[in-house]
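Participant: Got a predicted model here, sequence first, then my questions.
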Amino acid sequence: MKKITSIVLCSMFASLLNAQQDSTTTAAPKDGQNQFLIMGNAQALFFADKDNVQFTDVDFKPIFLWKLNDRLFVESEVEIETGEGSPDLGLEYANMCYKLNPYMIFHAGRFLPKFGAYRGRMAEGFLNRFATDPAGWGDGGIGAMNEVGVGLQGGIQVGLCKMNYDLYLSNGPQLLPGSMDAPDEAGQFEYEAYIDNNKNKAIGGRVGFLPFPNSCMEIGYSFQQAAKTGEAGSAYENVGVFMQAVDMDYFHKISQLKSIIRINGEWKQLTAGDATYYLPDSLATPYTFKNESSCYYGEVTLRPAFLENKILSRFEVGGRYSQFTRPTDALWGGSDLHRTEVSLDYWMNWNSLIKLTWMRQDDAPDGYYAQIVFGF
Amino acid sequence: MKNKILFFITGCVFALIISGTGCVTPEVIADKPGPQLWGENCSRCHNAPGPGEFNNAHWDVIGMHMKVRAGLTDAEVKKIIDYLKLANNQ
C-alpha cells in the first residue's frame, strides 16, 4: 500500500514539474487551445395502439465536448427523460480521454462500452431509423449499457483494411435477486449502476474489422465477463456472467435506384451462473432456472438520397425483425419474443428527422409510433 | 480477479506494442483525399454533415469525438477535419 502511495505521489510530483515546465516554455496559441462544444438531440414520441393514444416520452440529451489540447478530451452526455412518468435525470457518460499515440486512447470515467454496435452507437436518436428498439435491446434486455472504469481504444489501418478496438476494466453488471416489489427482476441484470456492489471487476471489449478499403462494412465481436455480480456478502455474490455479441453494418450506393441501402444486424448472448431465487408468495418458495438468453436483429433501410426530386430524396424506408430468447422458467422469461417493425422516415436535416413506425410483437397489440428527433 | 487484471494488462501491453510499431499504409489508402474519407466514414453511421454545419473550432472538437465514438484512425480524422475546415472557409 505504501508503495502504491509513493508511486502516486511521485507521479503527481512529476506531473506538477512537467506542468510547470510547460507553462514556462510553451506560448499559448492566440485563440486558446481549450475548445468547447454542446451537441446532442431532443426527441418526442407519440404512441397509439388499440388501448392507448398518447404523446409519451420526451427526451433532452445534451452532449458536452471539451478538447483541452491535442491529447486531452472530455465527452459527457446528460439525459433528461420523461418515459417513467416524471423527469428523470441521468448521466449517460462522462468520459475522460488521453491520446497516448495516434493508435491508442486511454479513457476513464463513466462510458458507453462498445458491446455490439447498437447500444452506444446505432441506437442514437438520429442513427436509429426506427422509433423503437429491437426485442432484447430495451429494458430487461441483454448487454452492457454504461460502465464505470478505465479502458484503451483506438483505430488502426491494417493494409487495405481497418481495425478498431476497445478493451476495458469496469465495475460490471449487477445481478438483481428480485424483491417483493419487483419479483420479476430475479436473474436479470442492472447495466447502468453508478457504484459497484462488490470488489470484483468486469473485463470487456470489442474488436471491429472493416475488410473493405472504402469502409462500407464493419464486423465486430464483443465480450464481457464478470466472475461476481451479486451484492457483496450476499448469497448471490459469486454468480458470474459472460456476455458476447457479433455485429455487422454494411452500406452501399445503388446507382440504378439512386439510393443508399444499409443492412445491419447484431446477435447477443448471455450466460449467468446458477442461483436460487424466491417466489413472492407467503412461503417464499425457492426456485431456480438456467439463466441463458440471447437475441438478434436484422434490418434493411433504403434512402433514395440521389433523386433529383428534393422531397422524395428525403424519405427513407426500413424494415427490422428481431427475436429475444429468454429463460423459460424465469418469471420474466417464457417463450421467444418476436418483433417486426416497419418505418417510414423523413429527413429534415442531416441529423433531424420524423419517424413513423409500425410494430408487431407476440404479446402485444400492434403499435403505431411517431417520433420527432432534432439533432443539434 | 488477479487473472482478470493480468489479462487486462497483457491486452494493454499487446495493444501498446501494436500501436508503437504501427502498420504500413498502402499508397491507395494514404492518397485518399479528405472529401472521400468524409463520405466513406461519416456514412458508416449517419448522414454526412456539410462543412457549414459547424465552425472550424467546432470541427476540431467533433473530430476528437468521432475518433472516440467510431474508432476512426488519426490520419482519417486529420484529413476529414482539414477538408471540412477548408471548405468552410470558401
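Facilitator: Structure's in. What do you need? Residues are numbered from 1 along each chain as shown, chains lettered A, B, ... in the order given.
Participant: For the residue of chain B found nearest chain A, give its distance to B:Ser43.
Facilitator: Taking CB to the nearest CB as the measure, chain B has B:Gly71 as its residue closest to chain A, at 2.7 Å. Any C-beta I mention is one placed from the backbone N, CA and C, and that applies to glycine too. Going from B:Gly71 to B:Ser43 by CB to CB, to the nearest Å gives 15 Å.
Participant: of those two, who's got more company?
Facilitator: Relative neighbour count places B:Gly71 above the other of B:Gly71 and B:Ser43, with 27 against 18, counting by other CB atoms under 10 Å in any protein chain shown.
Participant: does A:Pro102 really touch B:Thr73, like I thought?
Facilitator: Yes - under the criterion of CB atoms under 8 Å, A:Pro102 lies in contact with B:Thr73, with a separation of 7.4 Å.
Participant: quick one, which of these two is more surrounded?
Facilitator: Applying other CB under 10 Å to A:Pro102 and B:Thr73 shows that B:Thr73 carries more neighbours, namely 23 against 17.
Participant: secondary structure element for the residue nearest the centre of chain B?
Facilitator: Note on chain B: the residue nearest the mean C-alpha position is B:Leu72, at 2.8 Å, using CA atoms, centre = their mean. Under DSSP states H and E, no helix or strand contains B:Leu72.
Participant: what's the neighbour count on the closest residue to A:Phe376 other than its chain neighbours?
Facilitator: With CB to CB, 6 or more residues apart in numbering or on different chains as the criterion, A:Phe376 has its nearest non-adjacent residue at 6.0 Å, and that residue is A:Gly40. A:Gly40 sits with 19 neighbouring residues when counted by other CB under 10 Å.
Participant: Report the secondary structure state of A:Gly40.
Facilitator: At A:Gly40 the chain is in strand, as set by DSSP: H, G, I helix; E, B strand; the rest coil.
Participant: Look up how far B:Gly39 lies from the residue of chain B closest to chain A.
Facilitator: Counting by CB to CB, the separation of B:Gly71 from B:Gly39 is 18 Å.
Participant: Just to check, the residue nearest to A:Phe376 is in contact with A:Val373?
Facilitator: No - taking contact to mean CB under 8 Å, the distance of 10.8 Å between A:Gly40 and A:Val373 leaves them out of contact.
Participant: Run through the bridge partners of the residue of the stretch 101-250 of chain A found nearest chain B.
Facilitator: Closest to chain B within the stretch 101-250 of chain A is A:Asn164: 2.7 Å, counting by CB to the nearest CB. Legend: beta-bridge partners of A:Asn164 under DSSP bridges are A:Gly155, A:Gly208.
Participant: next one: A:Met248
Facilitator: A:Met248 forms beta bridges with A:Ile219, A:Gly265, as assigned by DSSP bridges.
Participant: ok, so what distance separates it from A:Gly208?
Facilitator: A:Met248 sits at a distance of 10 Å from A:Gly208 (criterion: CB to CB).
Participant: shared neighbours of those two, which are they?
Facilitator: Counting by CB atoms under 8 Å, 6 or more residues apart in numbering or on different chains, the contacts common to A:Met248 and A:Gly208 are A:Glu218, A:Ile219, A:Gly220.
Participant: which element is the residue nearest to A:Lys50 when sequence neighbours are not counted on?
Facilitator: Using CB to CB, 6+ apart and skipping the chain neighbours, the partner closest in space to A:Lys50 is A:Pro365 (4.7 Å). A:Pro365 is part of strand A:364-375 when elements are defined by DSSP H and E.
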